Each structure stands twice: as C-alpha cells, then as structure tokens.
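[1] Any chance you could fold what I've pasted below:
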Amino acid sequence: MTQPQRSRWMRNFHPSPTARIRLVCFPHAGGSASYYFPLSSALTPEFDVFGVQYPGRQDRYSEPFVETIDELADQAHAALSALPDAPLAFFGHSMGAVLAFEVARRCETLSGRQVVTVFASGSRAPSRYGDERNAKSDTDLVGVMRELGGTDPRVLENPELLATFLPAFRNDYRALQAYHRGTDIGISAPIVVMTATDDPKTSETDARAWHEHTSGGGEVHTFTGGHFYLEKQPQRVIEVVSATLRSVG
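    Here you go, the predicted model:
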C-alpha cells in the first residue's frame, strides 16, 4: 500500500493505510487539524482519518490566511491528491461543514473522486448563510467566541493568548459571512446532518435544510451540548460516524 505523500494540508495522526475508507475532517472557524486528534484516535485503525490544516495556524502559522470559502475549498481539493486512492468521506464542523460540502462538489465535478458521505456538523445549510453583517469589531468577535463556547475562557481574558487565536477566527468568520449558495447548488453524496438542539448559532430547521443540497438523502442526528456538542458527547459522535461509514460502500 502506498504511503500518503507529505502534505502541508493533511495531518494523519494515526495512519491506517489499509483502511477501506479515508475520512477527511475539516475544522471550524479559527480551528486546526489537531482538533480531530481524539476522533482520529477513536476511529482508527478501522478508518484512515485525516485532519485538514488550514494556512495561518499551528505549524502553518507563518502562511497567509485564505480569505474566501471558495479559494480555501479549491486549495483543499487540490491537496486531496496527496491521499492514496480510496473512497473518501468528509466530516466538517461549523465552517468545516461548508468546506466539506464545497470540496465534495469539486470532487464530483472536477476530479471524479468518489465521496461516499458528507457529515455536516454544527452548521446551517449553505442556503441559510449570507444574511449577517459584513464585518464585526474584535470585541464583537470575542463575544461570538464566548457564545459558541469552543475557546478556553482563560484565552479570551488574556490579551497575549487572544492575539494568537483571534486573527484566524476573524479571517474565517468573515469568509463565512460572505458565503451563500442557493438550493440549486448541491451534491449527489448523502449528507448526514449532526446538530445540537441548543446550538446558539444553528437552529434545527436551518441544519435540516442541508438536505435541500443533496440528491443522495441522509440522516439527521440531534444532540445537546451547544455548538461544540462534540466535546460533550464524544462517544455518541464516534458511534454515529462509525455506524454510518460501516454502512456505505
């Protein structure tokens, strides 16, 4: 089995090159590939898990941010060539769900690479974006980070620590604010919706609208635990992802 080429974009924390499916995980706004280390640990060796590392964070800190969802999706799609050929599944949380969808679209229309399913977690459907204000102050953005709950409160209270986290979140949040797709834009891969009923940024109705963007159907799984419910119910997340991947192909 060919080993994956070294890639700036892909982090393979627990290599499983003989796995039947490769799961590519797209982080949330301001997030990085390491967010998916626990998921990778839990799913391997049955599945070969990759975390996408966006420019401008962790070991890519010195690289400029990518400012639009389309450009980020273009570059992430190109980076898939570093992965050995095998059926792909995508998992994306929050902004990562939008990127997973856009990269899946590019797989279907440009490269013909098979995507067996897309997990859209903690996100409104593409048609439900585009109604926010175009810019927020840093104070407003810190308020959003606090509301979402994915950042250690000690970071938000420490100006030096905050200065290392805020630029990536600011870039990604603004990219997401500018994003919108009509329901005429879709994919053929099934979309598995995963959403918290108490998510302050995503209603269950807006999450279920993901199914307006696929001809492949897909299930809906609801959780509690807020926007970052994955950290509150990790075992159930693992069960949903594992069961879904076992059922495809």
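[2] So for stretch 104-118, what gets flagged as buried?
    Going by neighbour count (16 or more other C-beta atoms under 10 Å), the buried part of stretch 104-118 is 104-108, 113, 115-118. Bear in mind the C-beta positions are built from the backbone N, C-alpha and C, glycine included.
[3] Report the lowest-confidence entry in the residues you listed.
    Within the buried residues of stretch 104-118, residue 113 has the lowest pLDDT, namely 87.
[4] List the contacts of it.
    Each residue near residue 113 by C-beta atoms under 8 Å, 6 or more residues apart in numbering is listed here: 80, 85, 88, 107.
[5] what's the answer for residue 236, then?
    Applying C-beta under 8 Å, 6+ apart, the residues near residue 236 are residue 223.
[6] Relative to residue 20, how far out is it?
    23 Å (C-beta to C-beta, to the nearest Å).
[7] out of the buried residues of stretch 104-118, who's nearest residue 189?
    Nearest to residue 189 out of those is residue 115 (C-beta to C-beta; 4.6 Å).
[8] ok, residues contacting stretch 195-209?
    With C-beta under 8 Å, 6+ apart, stretch 195-209 has contacts from 94, 120-125, 127-128, 147-148, 193, 220-227, 229.
[9] what ranges do the strands span in this protein?
    With strands called from DSSP state E, the chain shows them at 10-11, 22-26, 48-52, 88-93, 115-121, 191-196, 220-223.
[10] Now distance to residue 206 too, for the ones you listed, in JSON lines please.
    Formatted as JSON lines, those follow (distance: least, C-beta to C-beta, whole Å):
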{"stretch": "strand 10-11", "distance to residue 206": "30"}
{"stretch": "strand 22-26", "distance to residue 206": "19"}
{"stretch": "strand 48-52", "distance to residue 206": "24"}
{"stretch": "strand 88-93", "distance to residue 206": "15"}
{"stretch": "strand 115-121", "distance to residue 206": "11"}
{"stretch": "strand 191-196", "distance to residue 206": "9"}
{"stretch": "strand 220-223", "distance to residue 206": "12"}
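[11] Minimum distance to residue 248: which of those strands has it?
    The closest of the strands of the chain to residue 248 is strand 115-121. By C-beta to C-beta, the value is 4.4 Å.
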